[in-house]
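> after the sequence you'll find the predicted model.
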Amino acid sequence: MRQYLPADTTMHATVEGGESATAKASADEDSHESSGDKRDAAAQDALKKAATKEAAKQRKAAEDLALAETPEQIASQFKGTTTQLTSWKAAMVHIRAAGVCLFLFSMFLFAGTQTLRIISDLWIRFWAADTYLLIPKLGKNEGNNQYLFGYLGFVLAFFVLLLSRDSVFEHFKNKAATKLHNDMFDRVLRAPYLLFLRTPVGEILNSFAKDQYIIDEELPDTVHMATIYLMILITSLAIITASIYFYAIMSFVLFFAFWIALRIYLPAATVLKRWSGETATSVFVHVDETLSGIDVIRAFDAVGYFMQENVQRINLHHLAMFNTEMTHLFLAFWCDLPSIYPPSPLHLPISPISQYKPALPDILV
């Protein structure tokens, strides 16, 4: 009889019971599948959270590393490894900005002007000694007139060379200043955005304004006066050494003393110059930040505090500038000291050194 019954009867269940058992089994399978999906979703969420945390840690580590980077390391990421700019390299940058040929022509005019001045002084010596015997040949008045006209020609030529020298050097200065200004401004405009995020605006303005002031004012005046005195020094040493041979040894001693003073001066001057620039930057930064937040400063009635802070920064900058000027005066004093000391070679007469006795006029020179 069992062979005519449904198969579920073998499991002691009716057809309805079999259907309910089948439905319950399918429901259990669905519940198991849904719980598995939830576990998979939870695992995926956990993996996403772990990945997010790891990415955040890596990002923070990268930010910390970027903040710890030096300016040289940052610069190497954009334009290669930076090199220290020596005084010789800085001079070549300034010369190339205006043109090497223009610089050489300007130096030639400097040398020519000083040489012509020496020749005009030598012409007066020839006139006093009547080296060319013009007075006996042409008479006293006519001979003196010839010497006078010759001296007048030297004076006019010196005046023309003097104007030419200063005009060419002025053109050299303006051309170099214009070229360097345009290059600096182009570098600022093309700088990476990271520069403006990491560098205060006041520091950029201070550096740009200071560099441009040096290029426009200090550097040309220093080069102009240094070249003039260099030409005078060379010609003076040549003339004196031709008359007093041992003066060459004395000159070597003086140059060696100057080198020692310079070795003492340069380290302190470099540090104080950097300090002066940093304190000036702090003043610029403070003024820029104050102007940017002037509304908040007035709202909280903090004007007095910011004025006091500004005065303190200016005083610190003036302290750095004062010490810098003192180092300049130190070098100037030790350079002038040999010229006022009585046994100085500058006061030696043409007579042998063993016969030298300092007199009061020598001491008062």
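Arrived safely, thanks for sending.
> nearest spatial neighbour of residue 272, chain-adjacent residues omitted?
residue 324 (4.4 Å; Cβ to Cβ, 6 or more residues apart in numbering). Placement of C-beta: from N, CA and C, glycine included.
> I'd assumed residue 271 was in contact with the one you found.
No. Assessed by Cβ atoms under 8 Å, residue 324 is found out of contact with residue 271, at 9.5 Å.
> tell me which of these two has more neighbours.
Between residue 324 and residue 271, counted using other Cβ atoms under 10 Å, residue 324 has the larger neighbour count: 18 against 14.
> list the residues that contact that one.
269, 272, 273, 275, 276 (Cβ atoms under 8 Å, 6 or more residues apart in numbering).
> against residue 302, how distant is the residue nearest to residue 272?
Distance from residue 324 to residue 302, counting by Cβ to Cβ, to the nearest Å: 33 Å.
> same question for residue 289.
In this structure, residue 289 lies at 12 Å from residue 302, with Cβ to Cβ as the measure.
> below-threshold pLDDT in this structure: ranges please.
1-38, 59-84, 338-365 (pLDDT under 70).
> just the element for the residue most central in space within it, please.
In the chain, the C-alpha nearest the mean C-alpha coordinate belongs to residue 211, at 6.6 Å (Cα atoms, centre = their mean). Residue 211 is part of helix 201-213 when elements are defined by DSSP states H and E.
> and that helix, what does it pack against?
helix 140-189, helix 247-292 (3 or more Cβ pairs under 8 Å, 6 or more residues apart in numbering; DSSP states H and E).
> reformat those helices as JSON lines; add distance to residue 129.
Formatted as JSON lines, the entries for those read as follows, by distance: least, Cβ to Cβ, whole Å:
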{"stretch": "helix 140-189", "distance to residue 129": "11"}
{"stretch": "helix 247-292", "distance to residue 129": "23"}
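> pretty sure the residue nearest to the centre of the chain is touching residue 183, no?
No. In terms of Cβ under 8 Å, residue 211 does not count as a neighbour of residue 183; the distance is 10.8 Å.
> just give me the neighbour total for residue 323.
15.
> any idea how far the residue nearest to residue 95 when sequence neighbours are not counted is from residue 124?
In space, residue 95 comes closest to residue 103 once its chain neighbours are excluded; the distance is 4.8 Å by Cβ to Cβ, 6+ apart. Counting by Cβ to Cβ, the gap between residue 103 and residue 124 amounts to 33 Å.
> look at the two and report which has more neighbours.
Here residue 103 and residue 124 are compared on neighbour count by other Cβ under 10 Å; more neighbours surround residue 103, at 20 against 13.
> so how far is residue 154 from that one?
Counting by Cβ to Cβ - residue 103 and residue 154 are separated by 27 Å.
> again, but for residue 329
With distances defined as Cβ to Cβ, the gap from residue 329 to residue 154 amounts to 38 Å.
> out of these two, which sits in the busier spot?
Shown here are residue 329 and residue 154; by other Cβ under 10 Å, residue 154 has more neighbours (18 against 9).
> contacting residues for the closest residue to residue 99 other than its chain neighbours?
What sits nearest to residue 99 in space, not counting adjacent residues and going by Cβ to Cβ, 6+ apart, is residue 175, at 7.0 Å. Contact criterion Cβ under 8 Å, 6+ apart gives 97, 98, 99, 102 as the residues in contact with residue 175.
> what helix or strand is the first one located in?
Spelled out, it's residue 97. Taking DSSP H and E as the criterion, the element that holds residue 97 is helix 87-98.
> what's that helix packed up against?
Counting by 3+ Cβ pairs under 8 Å, 6+ apart, the elements that helix 87-98 packs against turn out to be helix 140-189.
> quick one: distance of the helix it packs on to the chain centre.
The gap between where helix 140-189 is centred and where its chain is centred comes out at 29 Å by Cα atoms, centre = their mean, to the nearest Å.
> and if you look at stretch 257-270?
Between the mean C-alpha position of stretch 257-270 and that of its chain there is a distance of 20 Å (Cα atoms, centre = their mean).
> quick one: buried residues of it?
The neighbour-count criterion (16 or more other Cβ atoms under 10 Å) identifies 261, 265, 269 as the buried residues of stretch 257-270.
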